[in-house]
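Peer 1: below: sequence and its predicted model.
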Amino acid sequence: MRLLGSKVKQYRKQKNLSQQELADGICTQATVSLMEKKNKVPSIKIILQICRRLNISLSDVLSGLGSGMDEQFEAISVAIRREDYLVAASLLGKLEMTNVQNSFDRERYHYYRGFVELGAHRRPDEAIFHFNLLLHKTFKMPWDLYAIVGNVGMASAYLSRHELDKARYYLNEAVSYLDDFEWHDESTFKRLVWARYQIAKMYLELQLPQLVIESVEAALSAVKHQASLYLIDVLYEVKGQAEQALMSKAAAKRSLMIAKTLALVTHNVALQERLAPAVGSTLLE
């Protein structure tokens, strides 16, 4: 792992901060100077706090966080976001564990293993074990991606065990982190929208429709800001379901019609099939 001091300086200047202002309450001005000029790596806690103040991620100023396994982990991530858990399990099983050596790779492994245990094997206890390892190793800064998705995973595992109070606790934790998170790349953007969507579905199962709508609206705002279609069709679907629960028939009709139209645009056959039985109902007439 190597600190990119020039990047720290670049982001600091973009924020119009002096070295002392960046260091205030975190470390000394001399520490920031050593970071920028000598690529000196302080404690991971200091780096995390510096990144938090600059609204950047660790990967923006550190090289060598990952390994040669980045492509393998990304393929697993895509499978999980598509809810192809059997594919994710197969890909995870092909990983050479001797290559999972640095802390960042271990965090990623436990995150993906948790969702595979939950989605492919239906073993919530095993999932909780891996998510716990992830959360205990992660500094829970509001922008920390793995703190967010780890809490989403914990909520899903406890919901499958019908421990609703714990599910609500972890959902609220995930939302509190998400509200302050700023993404910097396409992959992170998709993970965050996916997290909002998963949270919305769980709130729907918990019969908290207003919280469903809040989560969906936050996700839709991000999607529209990026001029993206990512998950937009199913977001409108779950929004319509929440509006149905709130007895807002006109709003539900509009949301589900949008979902139906977008399903054609995105070629989402599964969603088209889910909405087909409702076409002749009074709701969608």
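Peer 2: On my side now, so go ahead. Numbering: from 1, shown residues only.
Peer 1: helices and strands around the host helix or strand of Gly240, which ones?
Peer 2: If you go by DSSP states H and E, Gly240 is part of helix 232-245. With contacts taken as 3 or more C-beta pairs under 8 Å, 6 or more residues apart in numbering; DSSP states H and E, helix 232-245 sits against helix 186-205, helix 209-225, helix 249-265, helix 269-275. C-beta: built from backbone N, CA, C; applies to glycine.
Peer 1: please redo it, this time with the cut-off set to 6 Å
Peer 2: helix 186-205, helix 209-225, helix 249-265 (3 or more C-beta pairs under 6 Å, 6 or more residues apart in numbering; DSSP states H and E).
Peer 1: just give the number of residues close to Leu208.
Peer 2: 18 (other C-beta atoms under 10 Å).
Peer 1: ok, back up a step: show residues contacting the helix holding Gly240.
Peer 2: 197, 200-201, 204, 209, 212-213, 216, 219-220, 223, 251-252, 255-256, 258-259, 262-263, 266, 268, 271 (C-beta atoms under 6 Å, 6 or more residues apart in numbering).
Peer 1: now Glu237: how far from Ala79?
Peer 2: Noted for Glu237: a distance of 21 Å to Ala79, by C-beta to C-beta, to the nearest Å.
Peer 1: what does Ile26 give?
Peer 2: 38 Å.
Peer 1: and the two? Which one has more around it.
Peer 2: It is Ala79, of Ile26 and Ala79, that has more neighbours when counted by other C-beta under 10 Å, with 23 against 17.
Peer 1: how about the more buried one, phi and psi?
Peer 2: For Ala79, the backbone dihedrals (degrees, to the nearest 10) come out as phi -60, psi -40.
Peer 1: for it, which residues are in contact?
Peer 2: Taking C-beta under 6 Å, 6+ apart, we find Ala79 in contact with 87-88.
Peer 1: what score does it have for pLDDT?
Peer 2: At Ala79, the pLDDT value in this model is 92.
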